[in-house]
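*Asks:* Predicted model follows, preceded by the sequence.
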Amino acid sequence: MENRSVENFTPETATTNFKSRLNSKTELKIALAIGNSRLHWGLFLGPTLQETWDTQHLSVDAVSQLSEDEKTEFLVQSAIAPIEQKYAQKLLSLCTNPELASRRAQQCVLPPLILASVVPEQTALWQSYPHVHTITLDQLPMEGLYPTLGIDRALTLLGVGIQLGWPTLVIDAGTALTFTGADVNRRLVGGAILPGLGLQLSSLGEKTAGLPLVTLPYNLPQRWVADTETAIKSGVVYGVVSAVNDFIQDWLRLFPNSKIAVTGGDRTLLLKYLASTFPDTVAAVIETPEAIFWGFRNVFQEGIEF
Ligand SMILES: Nc1ncnc2c1ncn2[C@@H]1O[C@H](COP(=O)(O)OP(=O)(O)OP(=O)(O)O)[C@@H](O)[C@H]1O
Ligand SMILES: CC(C)(CO)[C@@H](O)C(=O)NCCC(=O)O
Ligand SMILES: [K+]
């Protein structure tokens, strides 16, 4: 296994790596986790996660107006351009012949794209990428998964469990806020789903006549307040931290030695609010922004051919 971390991975070494690895189809992989708000990308060289980045969803309408070849070209560019930009390396430089995209894709070494998606409409778009594979629940070495469980929850749980140890509780502060826990036998114990911090704010702003759209405060707001904006912030923030604290405490009663990880786009703010309200609880929580990619890595290591 390669002993290289994201920290000491420079554009220079990347360029060398890409050049030397371009012909090794199995080494370079692009992992794409499709969430409800955005796309989360990870670049793997062998088992090593090199880089992560986020982008917007693709526009379903815009893509549907493209011809098949244009679609392929667009998807390849969407996946590859951020990598080329980061490493100042033309991944497809051997393939600049402006011929048909599909022919071009066939002739080039294109990293396979491995999807884990909870948004079927977005999954469908990516099927025109020349070398795409979708991870499903049955491929994960875990017990007790129920058929409608989100693949993001399962993959993240697997990643954290393998990286940090079992039992494991994962809190994903994304569009939805989820709790997902498994025991020492990698068996899903269960979890819970509630609207995420951002979604609570946007639904109040959008579904009421009298409430404005507000953003998440940088610090813990006052609890008892006499203005509308802060009252919304107070309700959402104190509601969420109380719920999170309560789920964690209950989980620790069941599994006193459990690892507890928090991930998702709102994790840093959530941790900050928790630190101000339940410092003892937050001391037990590990911030794991790349947790879902740990899950991808495990799937890659399981020996499934992509
Ligand atoms: N640059 C950003 N763009 C969009 N959302 C962001 C950004 N930075 C932080 N966030 C926060 O991330 C939250 C969404 O989290 P995340 O991106 O993890 O969700 P998701 O993975 O798309 O959704 P889910 O996993 O719940 O389906 C939003 O509530 C928002 O407040
Ligand atoms: C809960 C979300 C939206 C979180 O991304 C996703 O995991 C999902 O759509 N899950 C399906 C339902 C379930 O996990 O039980
Ligand atoms: K839905």
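*Replies:* Great, that's in hand. Numbers count the residues shown, from 1 in each chain. Ligands and ions are numbered 1, 2, ... in the order given.

*Asks:* count of neighbours near the spatially closest residue to Ser37 that is not a sequence neighbour?
*Replies:* Spatial nearest neighbour of Ser37, chain neighbours left out: Thr175 (4.6 Å); criterion: C-beta to C-beta, 6 or more residues apart in numbering. Backbone N, C-alpha and C define where each C-beta goes, glycine included. Residues near Thr175, counting by other C-beta atoms under 10 Å, number 21.

*Asks:* any idea how far Thr175 lies from Leu270?
*Replies:* 13 Å (C-beta to C-beta, to the nearest Å).

*Asks:* interface residues of the stretch 51-200 of the chain facing ligand 2?
*Replies:* Residues of the stretch 51-200 of the chain lying near ligand 2 by C-beta under 6 Å from any ligand atom: 118, 148-150, 152-153, 174, 176, 178, 193.

*Asks:* in the host helix or strand of Thr178, what's buried?
*Replies:* Element membership for Thr178 (DSSP states H and E) is strand 176-182. Using 16 or more other C-beta atoms under 10 Å as the test for burial, strand 176-182 gives 176-182.

*Asks:* Next: stretch 296-306.
*Replies:* Neighbour-count burial for stretch 296-306 flags 296-300 (criterion: 16+ other C-beta under 10 Å).

*Asks:* how about the strands in the stretch 51-200 of the chain?
*Replies:* Counting by DSSP state E, counting those that start in this stretch, the stretch 51-200 of the chain has strands at residues 113-117, 132-134, 168-173, 176-182, 188-195.

*Asks:* who does the last one pair up with?
*Replies:* What it means is strand 188-195. Using DSSP bridges, strand 188-195 pairs in its sheet with strand 176-182 (antiparallel).

*Asks:* The residue nearest to Ser37 contacts Gly196, doesn't it?
*Replies:* Yes. Thr175 is within contact range of Gly196, at 5.1 Å (criterion: C-beta atoms under 8 Å).

*Asks:* what stretches of the stretch 201-306 of the chain score poorly on pLDDT?
*Replies:* Filtered on pLDDT under 70, the stretch 201-306 of the chain yields no residues whatsoever.

*Asks:* go with 80
*Replies:* For the stretch 201-306 of the chain, the stretches with pLDDT under 80 are 303-306.

*Asks:* and the residue of it nearest ligand 2?
*Replies:* Here the stretch 201-306 of the chain gets closest to ligand 2 at one residue, Gly264, 8.5 Å apart by C-beta to the nearest ligand atom.

*Asks:* swap in the stretch 51-200 of the chain?
*Replies:* Gly150 (1.9 Å).

*Asks:* Contact partners for that residue?
*Replies:* By C-beta atoms under 8 Å, 6 or more residues apart in numbering, Gly150 lies in contact with 118, 178.

*Asks:* same check, this time on Trp251
*Replies:* Trp251 touches 169, 179, 181, 258, 260, counting by C-beta under 8 Å, 6+ apart.

*Asks:* returning to what we had before: which of the residues of the stretch 51-200 of the chain next to ligand 2 ranks first by neighbour count?
*Replies:* Ranking these using other C-beta under 10 Å puts Asp152 first, with 28 neighbours.

*Asks:* Would you quantify the distance from the nearest residue to it once chain neighbours are set aside to Ala33?
*Replies:* Residue nearest to Asp152 in three dimensions, not counting chain neighbours: Val118, with 5.3 Å by C-beta to C-beta, 6+ apart. Applying C-beta to C-beta, the value for Val118 to Ala33 is 9 Å.

*Asks:* What is the neighbour count of Gly196?
*Replies:* For Gly196, using other C-beta under 10 Å, the count is 24.
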